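Trainee: Here is a sequence together with a model predicted from it:
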Amino acid sequence: MNNSGSELERWLTGGELMAAGDETGDAWEPGFNADRQVVRSRLGGFYQKLFLRPDVFTQRFYHEIYPLPIEDWDYRERMELFDGFCQVEVAIELRYQATLTFAQRNAEALPDINTHIKRTFQCMLTDIVHKEVHALNDGHWVQGSLLDIEKKIAVTICELLMMQNIQSRAICKIFAEFKEFPNVQPGKDNVYLHVLKQSHELNESKNQAYFRRHQAMKEQKLLHKQQELEILHKFAEIERRKRAQDAADQLALLEDEERQLAARLAIEKRMHAEQVRHQNELKEMESEAELLAQQKIRMLQQEAELQQMQDKLKHQERLEEQKLEADTARREKQLFHQSEIQDKKTRIEVERYEKQQAAWRAAKLKLHEQQLALKKRQQQLEQEAEQELKQQELDAKKQHVVMPFQKLEKFEDGEKVKRRSETLRNEIELSLLEKQRLELEMAITEMQKKTFQE
């Protein structure tokens with residue numbers, strides 16, 4: 001009962017187990033120093049010394065100060081287990097600081113020593129994570145939790161950095177997610193995960209049995225092929241021996257033929273020497289005759305080429321004359337045709353210009369008449385408006401002496417006059433707008449006329 005109760009408590013606390021372990025004394029104490037600095041002292045160009053900056057320190061011209069800051073390193077990697085059935089994400093929060101010993105060993109990297117640490121230990125950190133995560137393939141963690149693995153990874157990383165004289169503190173978190181069951185959590189649904197694990201192991205055993213059978217068949221086929229190759233090797237050995245014997249017999253026969261051929265070649269050599277001497281004499285005679293014939297042929301060829309060149313020059317002169325005459329006739333015809341086209345275009349442009357001038361004069365006359373009518377209408381409306389205003393002023397003066405029973409009728413008459421004055425005002429505004437529109441049309445017409453003339 002006590003064991004089950006402690007397991008239940010661990011299950012309920014979940015991610016707080018690491019903190020509980022820290023309180024019991026299992027926490028890693030790195031001993032960081034936020035104000036840690038290294039001083040490099042150089043004298044003479046050859047001698048240099050590295051030491052921690054003391055509390056009381058006076059910097060000289062031969063001193064160079066490099067801080068050793070505390071830096072955080074977030075490492076994350078996602079991996080697959082059980083042939084992709086489970087996906088595991090490893091998240092490591094690492095805080096580290098270089099010591100004097102590490103700085104002395106890596107003095108060339110002092111300006112950016114933390115980047116040097118990351119670049120140097122990246123692969124080692126990846127190897128540690130891969131090794132521990134691949135150990136999860138046994139499936140024992142499915143019924144429990146991943147806290148032991150997380151703590152082991154963190155401690156291993158801290159030990160590795162400590163051995164390299166780097167102070168560090170690591171916190172590792174592992175999140176497991178099943179591909180087809182995303183809501184299942186290790187340690188909380190351990191029975192369900194155990195069933196899934198057994199099912200996966202059964203499928204894995206079936207796959208391994210199939211693989212073994214397939215491998216046995218491949219080995220059997222390979223053995224059969226090896227036996228066939230051995231038989232072929234035996235046949236090849238027999239064939240090779242047979243060919244060696246045939247080669248020896250052929251060699252003896254060739255040696256006999258070589259002796260006979262040597263005697264025959266000696267006789268043929270003497271005959272050939274005599275024949276060569278006779279042929280040389282004939283070649284000398286033929287060369288002399290051929291040389292004379294070539295000289296005669298060369299003279300005839302030169303005469304023929306000279307005659308051909310003269311005929312070619314005469315023909316080219318006739319062609320040039322014919323081409324010049326044809327070009328002159330074509331150019332005269334083309335100029336005559338272009339002049340006719342230009343005259344026709346000029347007549348068309350003159351006619352169109354005269355028509356446009358007549359249309360513009362008619363439009364201008366019509367616009368002038370409309371402006372006069374609008375101006376007259378505007379003057380008439382203004383006179384009516386003045387008369388109306390005067391009438392309103394007279395009516396307003398008369399209202400003081402109107403009897404009480406006549407006030408209502410005067411009020412109605414005043415409303416009618418008011419509405420009429422508003423109507424007159426609207427008509428005046430419309431007439432002004434119409435006048436502006438006509439002036440705008442005239443301006444556009446004048447602009448088009450100027451553009452056409454240009």
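Mentor: Thanks, I have it. These figures come from a predicted structure and were not determined experimentally.

Trainee: what helix or strand is residue 250 on?
Mentor: helix 190-398 (DSSP states H and E).

Trainee: and if you look at residue 425?
Mentor: helix 407-453.

Trainee: For stretch 123-134, C-alpha coordinates in PDB please.
Mentor: Output in PDB follows, covering the C-alpha atoms of stretch 123-134 (Å, rounded to 0.1, in the frame of the first residue of the first chain):
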ATOM      1  CA  CYS A 123      28.100  16.900 -31.300                       C
ATOM      2  CA  MET A 124      28.800  15.400 -27.900                       C
ATOM      3  CA  LEU A 125      25.600  16.800 -26.500                       C
ATOM      4  CA  THR A 126      23.700  15.200 -29.500                       C
ATOM      5  CA  ASP A 127      25.400  11.900 -28.900                       C
ATOM      6  CA  ILE A 128      24.400  11.800 -25.300                       C
ATOM      7  CA  VAL A 129      20.700  12.600 -26.200                       C
ATOM      8  CA  HIS A 130      20.600  10.000 -28.900                       C
ATOM      9  CA  LYS A 131      22.200   7.300 -26.700                       C
ATOM     10  CA  GLU A 132      19.700   7.800 -23.900                       C
ATOM     11  CA  VAL A 133      16.700   8.200 -26.200                       C
ATOM     12  CA  HIS A 134      17.500   5.000 -28.100                       C
END
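
Trainee: Please identify the buried residues of that stretch?
Mentor: 125, 128-129, 132-133 (16 or more other CB atoms under 10 Å). To be clear about C-beta, it is placed using only N, CA and C from the backbone, and glycine gets the same treatment.

Trainee: next one: stretch 105-116
Mentor: Those would be 106, 109-110, 113-114, 116, for stretch 105-116 by 16+ other CB under 10 Å.

Trainee: Quick check: residue 55 is in a strand.
Mentor: No. Counting by DSSP: H, G, I helix; E, B strand; the rest coil, one finds residue 55 to be coil, located in no strand.

Trainee: so how many other residues sit close to it?
Mentor: 5 (other CB atoms under 10 Å).

Trainee: where does residue 89 land in three-state SS?
Mentor: strand.

Trainee: Could I get the contacting residues of it?
Mentor: Contact analysis of residue 89 by CB atoms under 8 Å, 6 or more residues apart in numbering lists 76-79, 174-175, 177.

Trainee: do that again at 6 Å, thanks
Mentor: 78, 175 (CB atoms under 6 Å, 6 or more residues apart in numbering).

Trainee: Please tell me I have it right and residue 94 contacts residue 169.
Mentor: No. Taking CB atoms under 6 Å as the definition, residue 94 is not a contact partner of residue 169, at 7.5 Å.

Trainee: Give me the contact list for stretch 214-224.
Mentor: Contacts for stretch 214-224 (CB under 6 Å, 6+ apart): none.

Trainee: Give me the distance between that stretch and the centre of its chain.
Mentor: 49 Å (CA atoms, centre = their mean, to the nearest Å).

Trainee: got the CA positions of it in CSV?
Mentor: Taking C-alpha atoms only, stretch 214-224 is exported to CSV below (Å, rounded to 0.1, in the frame of the first residue of the first chain):
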residue,chain,number,x,y,z
HIS,A,214,12.9,-14.1,-46.0
GLN,A,215,16.6,-14.2,-44.9
ALA,A,216,16.6,-18.0,-44.9
MET,A,217,15.2,-18.1,-48.4
LYS,A,218,17.8,-15.6,-49.5
GLU,A,219,20.6,-17.7,-47.9
GLN,A,220,19.3,-20.8,-49.6
LYS,A,221,19.3,-19.1,-53.0
LEU,A,222,22.8,-17.8,-52.3
LEU,A,223,24.0,-21.3,-51.4
HIS,A,224,22.4,-22.6,-54.6
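
Trainee: ok, back up a step: among the buried residues of stretch 123-134, which pair sits farthest apart?
Mentor: Across these, no pair lies farther apart than 125 and 133, at 12.5 Å, counting by CB to CB.

Trainee: on that earlier part again, I'd like the buried residues of stretch 105-116 as CSV, with pLDDT and distance to residue 242 appended.
Mentor: Shown next, in CSV, are these (pLDDT from 0 to 100; distance: CB to CB, whole Å):
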residue, pLDDT, distance to residue 242
106, 89, 73
109, 89, 74
110, 89, 79
113, 92, 78
114, 91, 78
116, 93, 72
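
Trainee: which one among the residues you listed gets closest to residue 68?
Mentor: residue 113 (6.6 Å).

Trainee: so what pLDDT did residue 400 get?
Mentor: Listed pLDDT for residue 400 reads 53.

Trainee: repeat for residue 238
Mentor: 86.

Trainee: again with residue 252
Mentor: pLDDT, read off for residue 252, is 83.

Trainee: any idea how far it lies from residue 258?
Mentor: Using CB to CB, to the nearest Å, residue 252 is found at 11 Å from residue 258.

Trainee: what pairs with residue 73 across the strands?
Mentor: Here residue 73 sits in beta bridges with residue 94, going by DSSP bridges.

Trainee: shouldn't it be in contact with residue 95?
Mentor: No. In this structure residue 73 lies outside contact range of residue 95 using CB under 6 Å: 7.5 Å.

Trainee: And these two? Which one has more around it.
Mentor: residue 73 (18 against 15).

Trainee: Tell me how far that one lies from residue 171.
Mentor: 11 Å.

Trainee: now do residue 107
Mentor: 31 Å.

Trainee: again with residue 240
Mentor: 73 Å.

Trainee: what's the answer for residue 356, then?
Mentor: From residue 356 to residue 171 the distance is 92 Å (CB to CB).
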